[in-house]
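Colleague: sequence and predicted model, in that order:
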Amino acid sequence: MALTIPHSFTNVGLPIIEASEVNANNTAIKSFVDALQAGTNITALAITTGSIAANAITAAKLDSAVTSAYAADGDQIILGGQVFG
């Protein structure tokens, strides 16, 4: 999901910046970041092997609802049908 900022401001003429527009921008950013932190609104395939630190995913960190997870050759992990690495 892309971040959409509702209002933009320029230096043309005498700019009038409304507090409500600045607050709306801040709210949009906060909502986007909160969703990322919660693990929602992450675009499919956005998390690549290169963005996951070595040994960052371990069996101890996996949710107990995950039915299968294993490492192959030390560089892949499979969660359900999704292969990372």
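Modeller: That came through fine.
Colleague: going forward, measure contacts and count neighbours with C-alpha atoms only.
Modeller: Noted.
Colleague: residue contacts, the residue most central in space within the chain?
Modeller: Centroid-nearest residue in the chain: Leu36, 3.8 Å away (criterion: Cα atoms, centre = their mean). Residues counted as contacts of Leu36 (Cα atoms under 8 Å, 6 or more residues apart in numbering) are Ile42.
Colleague: list the buried residues of the strand or helix carrying it.
Modeller: Following DSSP states H and E, the helix or strand that holds Leu36 is helix 19-38. Across helix 19-38, burial judged by 16 or more other Cα atoms under 10 Å covers Val22, Asn25, Ala28, Ile29, Phe32.
Colleague: by pLDDT, give me the weakest of the residues you listed.
Modeller: Lowest in pLDDT among the buried residues of helix 19-38 is Phe32, which has 88.
Colleague: can you tell me the SS state at the closest residue to that one other than its chain neighbours?
Modeller: Of all residues not flanking Phe32 in the chain, Leu3 sits nearest, at 6.5 Å (Cα to Cα, 6 or more residues apart in numbering). Put simply, Leu3 is coil when judged by DSSP: H, G, I helix; E, B strand; the rest coil.
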